[in-house]
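> Make a model of this:
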Amino acid sequence: SIFFFVCLFVCLFHAPPQVRLLLSLDQAEGALQRASSSKDPDLIFLVLLHFLQRPDNGFPGDGVTAELRRRREETFYVVANYPDAAALLVQYLRFLGDDRLMKYFDFTKDFMAMADVSVSNALADADAILREAQAEVLQQATAAPVSRGGFLGLGAAAKGQKSGVGSASSVALLEEAEQGALRERMAGLRRAASYLGQERDLALACHATHEQLALLELQILLDSKYGKILGPPLPDPLVAQVGAAAESAPPSSNNPSSSPSPSYASSASASAAEASPSFMDLSVSQTLHKLVALGARAKELQHEKAALEADIAKLQKIFKIPEKRFWHVKISALASSGQFEELRRFANSAKKSPVGYRPFAERVLEAGQDPAQVAYYIDRVVDLEERFDLYCRVGLWAQAAQVAGHKLKDAQKLRQVKALSLRSGDPQVARTVDQMLAAGNI
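This is a model prediction of the structure:
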């Protein structure tokens, strides 16, 4: 009798046997309610598996008939009423990559989640295309004879040469895979934009998605126009791995490499992106930077310099790049690419620089130019404190002393200039500072 009361107590007050009993009686909704109230994820998951495996509620199917659609919607409705169960269902279906996830989001009208799934699926499909092409190219390369110079196939293809039989086919295969992956990504973005456009509160996200599509389309155009100057857009990780395999392999035609297929990086640093031989996947600012930097290769551009300027203006207009950001990026690009004459013309193109002249001086200084070149911009810095600091950074002690003594009238800064000039071996400036201090005007 004691055993009977214990079993009765457990069945009445303990959640697991209650949930299992309700499931055995086909009371799935009641089981889900009891499991959710217990906050036990294992129990909730048990009920969800019961929902997923039931063939009579329409959940596993595509919902071709109206009756199946109705039953599936009833199941969605039940699960959606319990946040813990709904969250667990979403995570499980996302892990499986199940199409039913989109059907659930469509039922709950979660358009942001639908857009996210669309983009994630597109990226996964694009990555699969690239990995398949990589595996095929590596298979072709390892099947070719290995010499001291590297793989005859992919090694030459990675360098843009034609010294191997498989080089042209490898390049063509990689290019075709990249184009296919790009098409998948853009299709995913278009689907995401269509979902985001169905809700007014998601207007900003919808606009950002359309802008990303426009940027990708523009980058495709830029790659087609300037690709011959930028070089072959082959993935650096693949080239590095093949080069390492070629160096480690002995000079024998019977020793194929067993290097694993490299993975494409999902994201890259700004410097790596700017150094890549392609415009693809760069931000708006990085795309502008690369376009401006291309001006340094005027001989290769020949008659395309005007087209380059037009593309820069087009980029600024389409994406509404703010004037100050445009100036900062262009200054940086001109200085880093060594276009110092063009940088000076750009500084003189407006009556007053919207970002001032300190960025000019700092970028030229970072580029390793002599103090006279830097001083051209420092002299135009309006803020006297900034002008003094820049003169000290360049080592133009005489000019720094003039600003500290005659403009700022700061005795402390004069003494600072004197100490720095003596340390750098310029006693003449120290004597000039002593005369300024002795004059008593400070």
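> shouldn't residue 321 be in contact with residue 291?
No. Between residue 321 and residue 291 there is no contact, the gap being 11.6 Å when judged by C-beta atoms under 8 Å. Every residue, glycine included, has its C-beta placed from N, CA and C.
> anything in contact with each of those two?
Contact criterion C-beta atoms under 8 Å, 6 or more residues apart in numbering; residues shared by residue 321 and residue 291: residue 315.
> Comparing the two, which shows the higher neighbour count?
residue 291 (23 against 18; other C-beta atoms under 10 Å).
> which non-adjacent residue is nearest the more buried one?
Distances taken as C-beta to C-beta, 6 or more residues apart in numbering place residue 312 nearest to residue 291, at 5.2 Å, with adjacent residues excluded.
> got the contact list for that neighbour?
288, 291, 292.
> now swap in residue 334 and tell me
292, 293, 295, 340, 342, 343, 346, 363.
> Flag the least confident of the residues you listed.
Minimum pLDDT across those is recorded for residue 295, with 86.
> mind listing what it touches?
The contact partners of residue 295, by C-beta under 8 Å, 6+ apart, come to 301, 305, 308, 334, 337, 339, 342.
> Hmm, which of those is lowest in pLDDT?
The member of the contacts of residue 295 with the lowest pLDDT is residue 301, at 66.
> What is the longest helix belonging to the chain packed up against?
When the chain is parsed with DSSP state H, its longest helix is helix 111-143. Counting contacts by 3 or more C-beta pairs under 8 Å, 6 or more residues apart in numbering; DSSP states H and E, helix 111-143 packs against helix 100-108, helix 154-158, helix 167-196, helix 203-230, helix 236-248.
> In the first one, which residues are buried?
Within helix 100-108, the residues that count as buried by 16 or more other C-beta atoms under 10 Å are 100, 101, 102, 103, 104, 105, 108.
> cool, the fourth one as well?
Using 16+ other C-beta under 10 Å as the burial criterion, the residues of helix 203-230 that qualify are 205-206, 209-210, 212-213, 215-216, 218-220, 222, 226, 230.
> in the protein, which spans are strands?
Taking DSSP state E as the criterion, the chain contains strands spanning 146-147, 150-151.
> least reliable of those strands going by mean pLDDT?
Looking at the strands of the chain, the bottom one is strand 150-151 with a mean of 42.
> State the mean pLDDT of stretch 100-119.
Here the average pLDDT along stretch 100-119 is 92.
> Where does pLDDT dip in the stretch 101-250 of the chain?
Scanning the stretch 101-250 of the chain for pLDDT under 70 picks out the ranges 144-167, 231-250.
> so how many other residues sit close to residue 77?
So residue 77, with other C-beta under 10 Å, has 12 neighbours.
> buried set for the longest helix of the chain?
Buried residues in helix 111-143 (16+ other C-beta under 10 Å): 111, 113-119, 121-122, 125-127, 129-131, 133-134, 136-138, 140-142.
> Setting aside sequence-adjacent positions, which residue approaches residue 45 most closely?
In space, residue 45 is closest to residue 88, 6.0 Å off (C-beta to C-beta, 6+ apart).
> quick revisit: would you mind putting the contacts of residue 334 into CSV with distance to residue 412 alongside?
Shown next, in CSV, are the contacts of residue 334 (distance: C-beta to C-beta, whole Å):
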residue, distance to residue 412
292, 41
293, 42
295, 44
340, 35
342, 40
343, 34
346, 36
363, 29
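> dump the residue contacts of the closest residue to residue 113 other than its chain neighbours.
Nearest residue to residue 113 in three dimensions, chain neighbours excluded: residue 105, at 4.6 Å (C-beta to C-beta, 6+ apart). By C-beta under 8 Å, 6+ apart, the residues touching residue 105 are 111, 113, 114, 117.
> So residue 105 versus residue 125, what's the distance?
19 Å (C-beta to C-beta, to the nearest Å).
> now residue 370
Distance from residue 370 to residue 125, by C-beta to C-beta: 53 Å.
> Residue 364 too?
From residue 364 to residue 125 the distance is 46 Å (C-beta to C-beta).
> before we move on, what about residue 413?
Distance of residue 413 to residue 125, given as C-beta to C-beta: 62 Å.
> what does residue 294 give?
Residue 294 is 32 Å from residue 125, by C-beta to C-beta.
> Ok, residue 289 next?
30 Å.
> do residue 333 as well
35 Å.
> likewise residue 357?
Relative to residue 125, and taking C-beta to C-beta, residue 357 is found at 49 Å.
> same question, residue 170
22 Å.
> cool, residue 390 as well?
52 Å.
> Please apply the same query to residue 137.
Taking C-beta to C-beta, one finds residue 137 at 19 Å from residue 125.
> ok, now residue 225?
28 Å.
> Residue 186 now?
From residue 186 to residue 125 the distance is 12 Å (C-beta to C-beta).
> again, but for residue 422
From residue 422 to residue 125 the distance is 67 Å (C-beta to C-beta).
> now residue 138
21 Å.
> same check, this time on residue 403
61 Å.
> before we move on, what about residue 220?
Counting by C-beta to C-beta - residue 220 and residue 125 are separated by 18 Å.
> Output the below-cut-off pLDDT ranges for the stretch 251-400 of the chain.
251-276, 298-303.
> so where do the helices sit in the stretch 301-442 of the chain?
305-318, 323-336, 340-347, 358-366, 371-378, 384-394, 397-402, 411-423, 427-439 (DSSP state H, counting those that start in this stretch).
> Okay, buried residues for stretch 383-396 please.
Buried-residue list, stretch 383-396, by 16+ other C-beta under 10 Å: 387, 388, 389, 390, 391, 392, 394, 396.
> The second one and residue 413 touch, don't they?
Yes. Residue 388 sits in contact with residue 413 when judged by C-beta under 8 Å, with a separation of 6.3 Å.
> Now for the residue nearest to residue 293 when sequence neighbours are not counted: which residues touch it?
Once flanking residues are discounted, residue 293 sits nearest to residue 337: 4.0 Å by C-beta to C-beta, 6+ apart. Residues in contact with residue 337 (C-beta under 8 Å, 6+ apart) are 292, 293, 295, 296.
> Same question for residue 176.
residue 133.
> distance of residue 359 from residue 386?
Relative to residue 386, and taking C-beta to C-beta, residue 359 is found at 11 Å.
> Ok, residue 125 next?
Taken as C-beta to C-beta, the span from residue 125 to residue 386 is 52 Å.
> Could you give me the buried positions within stretch 277-286?
Within stretch 277-286, the residues scored as buried using 16+ other C-beta under 10 Å are 278, 279, 280, 281, 282, 284, 285, 286.
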